[in-house]
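In: Sequence plus the predicted model coming up.
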Amino acid sequence: MELFAELVPSMKRVGVLRNPNNPGVTMALRETEDAIRKLHMQVQIVDAQTPDEFERDWNSCVSWYRRPLASLCSIIQPMS
């Protein structure tokens, strides 16, 4: 996240799209949230477990990020 913040210094918001049923994602999410907050940025976590939920929630994230000074980071896994 630090490198990303250096590359996009205007970034103020980060969203994470995750599958809450994947235990490996939980640990990565915790580390990612810590890094985002250390950089004094807002974080939004969005859960998606199926392809339909992914599409719906992705569109929800996009509307949140259309505000100025936004960025997006995703932690995802293949969905069946």
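Out: Yep, that arrived. Here the structure is a predicted model, which is why all the values come from computation and not from measurement.

In: could you point out which element follows the strand or helix carrying Val46?
Out: Using DSSP states H and E, Val46 falls within strand 42-47. Downstream of strand 42-47, the first helix or strand assigned by DSSP H and E is helix 51-65.

In: What angle do strand 42-47 and that following helix make with each other?
Out: Interaxial angle of helix 51-65 relative to strand 42-47 (axes from the mean of the first three to the mean of the last three C-alpha atoms, to 10 degrees): 160 degrees.

In: Does Val14 belong to a helix, a strand or coil?
Out: The three-state assignment at Val14 reads strand, by DSSP: H, G, I helix; E, B strand; the rest coil.

In: For the strand holding Val46, output the C-alpha coordinates as CSV.
Out: Taking C-alpha atoms only, strand 42-47 is exported to CSV below (Å, rounded to 0.1, in the frame of the first residue of the first chain):
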residue,chain,number,x,y,z
GLN,A,42,-10.6,5.5,4.2
VAL,A,43,-11.3,1.9,3.6
GLN,A,44,-14.5,0.2,2.5
ILE,A,45,-14.9,-3.6,2.7
VAL,A,46,-17.4,-5.2,0.3
ASP,A,47,-18.2,-8.9,0.5
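
In: Give me the helices and strands touching it, please.
Out: strand 13-18, helix 23-38, helix 51-65 (3 or more C-beta pairs under 8 Å, 6 or more residues apart in numbering; DSSP states H and E). Where you see a C-beta, it was placed from the backbone N, CA and C, and this is true even at glycine.
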